[in-house]
Structure formats: C-alpha cells, structure tokens
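Q: what follows is a predicted protein model with its sequence.
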Amino acid sequence: MAISTEAVGKSWSAQEYQVGREKIREYSQVIGFDQPIHFDAQAARDAGFRDVVAPPMFCVVYSAGAMGPVLFDPEVGMNFAAMVHGGQEFVWGEPVCSGDVITTTPSCLEIYEKDGRGFYVFETVSVNQNGEEVVRGTWTNIVRGV
C-alpha cells in the first residue's frame, strides 16, 4: 500500500497554551531540575528572566497539543498500530516563563517511503504573546510496513 503525500505543505490551526508556575515547578521536579529559577520568581528575576522559567524540554508540554489534530488528520493517513517515534529536534529562541501565552502552529514538512517504512515529518513553530519565537520543533514518526 502506497502512502499518501496529500498533506505535505499543509498547516493546521494554531493551539494556545498559557504557561503556569505550578506546571513549570511540577515538570522541573519530575525531570530532576533543582535550579531556583524553575521554582522561585525572585530567583528567576534576579537571573534576568521575567518570571519562573521553564526548562527547555517543557516545549513538549505546550507544543504537543498542537500535534494531536495533525496525527489524526485523514489526509495524513497514518497507521497508528504500526507507528513508532522516530525523533524530535528543537531549536530554542526566547525563554518561556510563567505567564507566557504560547501559540503553536503545526505543518507537514514531508511524507516519504523508504525501505518499506513511511516517514512523516512535521514542524511546529511556537511563539509567545509578543510574537517572539520560543521554539521550532521537528517531529518524525515512522510507520512500519507501508
């Protein structure tokens, strides 16, 4: 069965996420970050941040929600029963702090077949309330047996 490339170049609706201190604290605790800038607003301000600062990989929290509609879009046509995570790459910009409102827009970069597997490559671009890019993510999913 051939894979469809119909979704290549398509963008989906942006998703908004308001970053909260408690979410940053919880995430930081779970991943073992113990720097005061992730827990204490004054320590974060003293270090030059606007408020409690999110660890870089917190980007998965606010950008992953935008990927849901992408993965379930019939134009993408992904077989979830045969899907495996291929990888993620991120390029960070402006730090994300408590109180920021992050808007993430997903798009399909490419879909191709190689060695009997389908490769689905997506990009998310996340900006804060000031329009500053905070992270650009590349998400690759691999579907076996296409």
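A: Noted; the coordinates are in hand. Numbers count the residues shown, from 1 in each chain.

Q: from residue 120, how far off is residue 112?
A: Distance, residue 112 to residue 120, by Cβ to Cβ, to the nearest Å: 9 Å. All C-beta atoms are positioned from the backbone trio N, CA, C, and that covers glycine.

Q: quick one, which of these two is more surrounded?
A: residue 120 (24 against 12; other Cβ atoms under 10 Å).

Q: can you pull the contacts of the more buried one?
A: Residues in contact with residue 120 (Cβ atoms under 8 Å, 6 or more residues apart in numbering) are 76, 78, 108, 111, 140-143.

Q: in the sheet, which residues pair with it? Tell me.
A: For residue 120, the beta-bridge partners are residue 111, residue 141 (DSSP bridges).

Q: next one: the one 4 residues further on
A: According to DSSP bridges, the partner residues bridging residue 124 are residue 106, residue 137.

Q: so who does the spatially most central residue of the chain touch?
A: With distances taken as Cα atoms, centre = their mean, the residue of the chain nearest its centroid is residue 63 (3.3 Å). Contacts for residue 63 were tallied using Cβ under 8 Å, 6+ apart; they are 102, 104, 124, 126, 135, 137.
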